[in-house]
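S.K.: Sharing a sequence plus its predicted fold:
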Amino acid sequence: MEENNNKNLILATVLSFLVITVWFVLFPPPEAPAPDLTQTPAEATGTGPAAAPPAGTAAATPAEVAPVPEAARLTIDTPELSGSISMRGGRFDDLLLKSYRDTLDPDSPDVRLFTPVGEGQAYYALFGWAPAGSLTAEDVPGPNTEWQIAKGATLRPGEPVTLAWENTKGQRFTREIAVDDKFMFTVTDTVQNSGAGDITLRPYGLIARHGTPSNLQNIFVVHEGVVGRADGELTEIKYKDIVKLDPIEGEGHNGEKSEATADGWVGFTDHYWMSVLVPEQGQAFTEVIKHVPNADIFQTEIRHPTVTVAAGQTSATTTRLFAGAKEWETIRDYQAGSDGKAAIPGFIDSIDWGWFYFLTKPIFSVLHWLHGLIGNMGLAIIALTFVLKVLVLPLAYKSYVSMARMKELQPEMEVIKERAGEDKQRLQREMMQLYKDRKVNPAAGCLPILIQIPIFFSLYKVIFVTLELRQAPFFGWLKDLSQPDPSSLYNLFGLLPWDAPAAGTILHLVFIGALPILLGITMWLQQKLNPAPTDPVQASIFAWMPWVFMFMLGGFASGLVVYWITNNTITFTQQYLIMRSHGHKPDLFGNIKSGFKRKPATAAANTDKAPKGGAPKAGKK
């Protein structure tokens with residue numbers, strides 16, 4: 001009986017070990033940041049979309065010259081954002097997130113989202129019109145247009161600003177820019193045709209990034225690059241894969257172009273931050289993703305349908321720009337349209353929920369609710385662990401009851417073993433009949449651990465990817481639950497006057513922190529609910545497994561280790577109480593003491609000296 005229980009536990013442990021090993025292969029520790037690949041090109045062509053004019057007209061592509069000359073700026077000042085918009089091109093190229101800092105240091109600078117051309121790793125949004133027919137690039141607003149402020153002074157929520165520009169052919173262009181109290185800008189471009197004839201042109205919006213971002217995580221668990229949606233289909237493309245795309249027909253740049261008829265959005269996503277263009281939902285538009293090789297510029301575009309404006313008429317196009325933090329609640333509200341504007345279908349999928357999205361989404365929803373209720377993310381993770389254990393309690397209870405009943409069957413199992421002797425088929429047949437008669441599943445002991453595997457993956461994804469865990473404190477030295485435990489045996493957890501080893505070094509992997517050690521202890525105590533296997537190989541595996549896991553999980557996010565420690569503690573308590581309720585009192589302290597005793601060599605020696613062929617024969621009379 002003990003042998004069967006031990007085999008089940010070994011199987012579950014080995015499966016968990018394999019899962020953790022595969023996890024390290026798929027999701028290795030973050031690599032060192034890539035070097036800054038941004039170079040200031042003499043002329044970066046192709047940064048604006050080609051118009052799709054009527055047949056027989058010439059297409060024009062706006063050109064950008066870098067660095068952009070200094071120009072007047074429009075100040076942005078909201079509860080969440082600060083920065084400015086350049087009047088040259090109306091560029092959104094200077095944006096900081098007030099509520100987020102680069103590090104835990106309170107004097108650390110605010111996180112920067114947009115950066116002007118010429119400052120390295122340029123990142124910005126542009127809006128304009130592509131000309132067709134009788135219009136040329138000089139007749140429409142483009143990347144280098146000198147806009148004038150026609151109304152307003154500082155862009156604030158409820159205080160929109162209007163820009164204006166006129167060409168020499170009788171067309172006046174205005175741009176109204178509004179912003180809410182979070183991260184959404186609304187840009188309304190209007191053209192008033194006071195000329196003698198009709199004009200044809202196409203409005204667009206684009207987001208450009210010069211060079212591959214230097215702060216990429218470069219690991220599989222989080223998507224960084226292009227994220228978009230068109231007519232219900234989600235698109236995620238990494239920077240390295242954008243370069244490999246085939247050339248777009250008729251444009252000469254690598255990328256892809258898709259036509260949407262109902263809804264969609266497109267932009268760039270980082271680990272925690274995002275910029276996305278959102279056209280008017282319910283209307284057709286063209287979504288473009290491309291790479292400009294000669295300037296190393298990655299670009300996403302929304303191209304609105306071509307419009308023809310008759311003399312004396314006006315045409316307006318509205319595009320929204322999300323530029324900010326990937327806050328779950330904020331993005332969910334935009335998706336639902338609770339900001340008073342049109343809903344953005346599928347916007348919550350801009351957060352990378354992964355393969356187990358059917359688990360990660362509800363798990364995070366519950367975690368977010370618990371955090372709002374408790375006010376401490378570490379305690380919320382502990383509470384979430386209790387919730388998850390309650391949900392799987394019926395199955396876990398059935399499993400632990402099955403393990404307890406296996407212990408009750410031990411005498412009968414020993415009788416069957418003696419009766420079957422060396423007949424393995426008979427032994428297996430009678431054992432299976434015994435399990436069937438007593439309604440016991442010998443493999444049920446594996447189920448609780450197997451259930452934990454997808455939950456573990458999902459919670460790891462939630463803790464690593466979601467912004468709400470970033471720099472979330474617990475207690476004491478645990479200031480950021482999205483990072484590994486910063487304490488270390490190397491300096492006796494801060495008692496000795498030198499710093500702990502830097503993350504990613506060999507010393508950091510060896511001299512683990514307090515949480516991983518506590519994790520190893522809880523795994524070891526859970527193991528001691530049952531006596532050690534009689535087989536020395538199995539016993540050795542059991543003896544080493546908690547400490548192997550302790551070091552393997554030492555580099556994981558501390559929030560995940562808090563979950564695992566809590567889960568082990570609850571599992572230990574459940575198993576102990578259920579076993580007691582079925583008449584089996586685990587000898588915890590006896591099992592612990594036996595683990596420290598030296599094994600006598602006599603048993604092994606007697607086994608080696610036993611005569612071949614079984615027991616010795618009686619002597620002759």
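M.R.: In hand now; what should we look at?
S.K.: tell me the contacts of the residue nearest in space to the middle of the chain?
M.R.: Note on the chain: the residue nearest the mean C-alpha position is residue 465, at 2.7 Å, using C-alpha atoms, centre = their mean. Residue 465 is in contact with 221-222, 271, 351-354, counting by C-beta atoms under 8 Å, 6 or more residues apart in numbering. Just so you know, the C-beta spots here come from the backbone N, C-alpha and C atoms, and that holds for glycine as well.
S.K.: Check the gap between it and residue 455 for me.
M.R.: 16 Å (C-beta to C-beta, to the nearest Å).
S.K.: Likewise for residue 580?
M.R.: 26 Å.
S.K.: Residue 265 now?
M.R.: From residue 265 over to residue 455 the distance is 31 Å, taken as C-beta to C-beta.
S.K.: For the helix or strand hosting residue 390, which residues meet the burial criterion?
M.R.: Assigned by DSSP states H and E, residue 390 belongs to helix 377-391. Across helix 377-391, burial judged by 16 or more other C-beta atoms under 10 Å covers 377-385, 388-389.
S.K.: cool, stretch 540-554 as well?
M.R.: Under 16+ other C-beta under 10 Å, the buried positions of stretch 540-554 are 541-542, 545-546, 549-550, 552-554.
S.K.: pLDDT check: weakest of the residues you listed?
M.R.: Across the buried residues of stretch 540-554, the smallest pLDDT goes to residue 542, namely 70.
S.K.: Using CSV, list the CA coordinates for the one helix or strand that residue maps to.
M.R.: Assigned by DSSP H and E, residue 542 belongs to helix 536-552. Only the C-alpha atoms of helix 536-552 are listed here, as CSV (Å, rounded to 0.1, in the frame of the first residue of the first chain):
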residue,chain,number,x,y,z
PRO,A,536,16.5,3.3,-1.7
VAL,A,537,16.3,4.8,-5.2
GLN,A,538,12.8,6.2,-4.5
ALA,A,539,13.9,7.3,-1.0
SER,A,540,16.8,9.2,-2.5
ILE,A,541,14.5,11.0,-5.1
PHE,A,542,12.2,12.0,-2.3
ALA,A,543,15.0,13.3,-0.1
TRP,A,544,16.4,15.6,-2.8
MET,A,545,13.3,16.8,-4.6
PRO,A,546,12.2,19.6,-2.2
TRP,A,547,15.6,21.1,-2.2
VAL,A,548,16.0,20.8,-6.0
PHE,A,549,12.7,22.7,-6.4
MET,A,550,13.7,25.2,-3.9
PHE,A,551,16.7,26.3,-6.0
MET,A,552,14.8,26.0,-9.3
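S.K.: Which other helices and strands does that helix contact?
M.R.: Helix 536-552 sits against helix 2-26, helix 514-527, with contacts defined as 3 or more C-beta pairs under 8 Å, 6 or more residues apart in numbering; DSSP states H and E.
S.K.: what's the angle from it to helix 514-527?
M.R.: Interaxial angle of helix 536-552 relative to helix 514-527 (axes from the mean of the first three to the mean of the last three C-alpha atoms, to 10 degrees): 160 degrees.
S.K.: other SSEs contacting the helix or strand following helix 536-552?
M.R.: Next helix or strand after helix 536-552 toward the C-terminus (DSSP H and E): helix 558-581. Applying 3+ C-beta pairs under 8 Å, 6+ apart, one finds that helix 558-581 contacts helix 377-391, helix 393-408, helix 447-465, helix 514-527.
S.K.: Out of the ones you listed, flag the one nearest residue 293.
M.R.: Residue 293 lies closest to helix 447-465 among the helices and strands packed on helix 558-581, at 30.7 Å (C-beta to C-beta).
S.K.: where's the helix or strand that that closest one is followed by relative to the chain centroid, distance-wise?
M.R.: Once the chain leaves helix 447-465, the next helix or strand it forms, by DSSP H and E, is helix 506-510. Centroid separation for helix 506-510 versus its chain: 26 Å, with C-alpha atoms, centre = their mean, to the nearest Å.
S.K.: could you give the mean pLDDT of helix 506-510?
M.R.: 75.
S.K.: which residues are contacting that helix?
M.R.: Helix 506-510 has contacts (C-beta under 8 Å, 6+ apart) with 488, 490, 500-502, 551, 554-555.
S.K.: domain assignment for this protein?
M.R.: Described in terms of automatic domain parsing, the domain architecture of the chain consists of the residue ranges 44-352, 365-596.
S.K.: thinking again about what came up before, from the contacts of helix 506-510, which is closest to residue 326?
M.R.: Relative to residue 326, and with distances defined as C-beta to C-beta, the nearest of the contacts of helix 506-510 is residue 555, at 24.4 Å.
S.K.: So residue 149: helix, strand or coil?
M.R.: Of the three states, residue 149 takes strand according to DSSP: H, G, I helix; E, B strand; the rest coil.
S.K.: Check the burial of it by counting its neighbours.
M.R.: 14 (other C-beta atoms under 10 Å).
S.K.: check contacts around it.
M.R.: Here residue 149 is in contact with 72, 74, 87, 161-164 (criterion: C-beta under 8 Å, 6+ apart).
S.K.: quick one on the thing from earlier: looking at the domains of the chain, which has the lowest confidence?
M.R.: domain 365-596 (a mean of 81).
S.K.: still on that earlier bit, okay, the contacts of residue 465 in a markdown table with secondary structure, distance to residue 364 and neighbour count next?
M.R.: Shown next, in a markdown table, are the contacts of residue 465 (DSSP: H, G, I helix; E, B strand; the rest coil; distance: C-beta to C-beta, whole Å; neighbours: other C-beta atoms under 10 Å):
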| residue | secondary structure | distance to residue 364 | neighbour count |
| --- | --- | --- | --- |
| 221 | coil | 15 | 17 |
| 222 | coil | 14 | 19 |
| 271 | coil | 16 | 21 |
| 351 | coil | 9 | 25 |
| 352 | coil | 12 | 20 |
| 353 | coil | 8 | 21 |
| 354 | coil | 11 | 20 |
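S.K.: re the thing from before, make TSV from the domains of the chain and add distance to residue 358 to it.
M.R.: Below are these laid out as TSV (distance: least, C-beta to C-beta, whole Å):
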stretch	distance to residue 358
domain 44-352	13
domain 365-596	9
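S.K.: just the ones you listed: most buried one?
M.R.: Burial of the domains of the chain is given as mean neighbour count (mean count of other C-beta atoms under 10 Å); domain 44-352 ranks first at a mean of 19.
S.K.: Please state the offset of that domain from the chain centre?
M.R.: With C-alpha atoms, centre = their mean, you get 24 Å for domain 44-352.
S.K.: Stretch 412-426 too?
M.R.: The chain centroid and the centroid of stretch 412-426 are separated by 53 Å, computed with C-alpha atoms, centre = their mean.
S.K.: Verify the contact between residue 224 and residue 270 for me.
M.R.: Yes: under the criterion of C-beta atoms under 8 Å, residue 224 is in contact with residue 270, at a separation of 5.7 Å.
S.K.: anything in contact with each of those two?
M.R.: Common contacts of residue 224 and residue 270 (C-beta under 8 Å, 6+ apart): residue 213.
S.K.: Contact partners for residue 156?
M.R.: Contact analysis of residue 156 by C-beta under 8 Å, 6+ apart lists 77-78, 179.
S.K.: Narrow those residues to those in helices?
M.R.: Among these, the subset assigned to helices under DSSP state H is empty.
S.K.: on that earlier part again, pick the one among the contacts of residue 149 closest to residue 482.
M.R.: residue 74 (35.1 Å).
S.K.: Quick check: chain neighbours aside, which residue is closest to that closest one?
M.R.: Leaving out its chain neighbours, the residue that sits closest to residue 74 by C-beta to C-beta, 6 or more residues apart in numbering is residue 85, at 4.4 Å.
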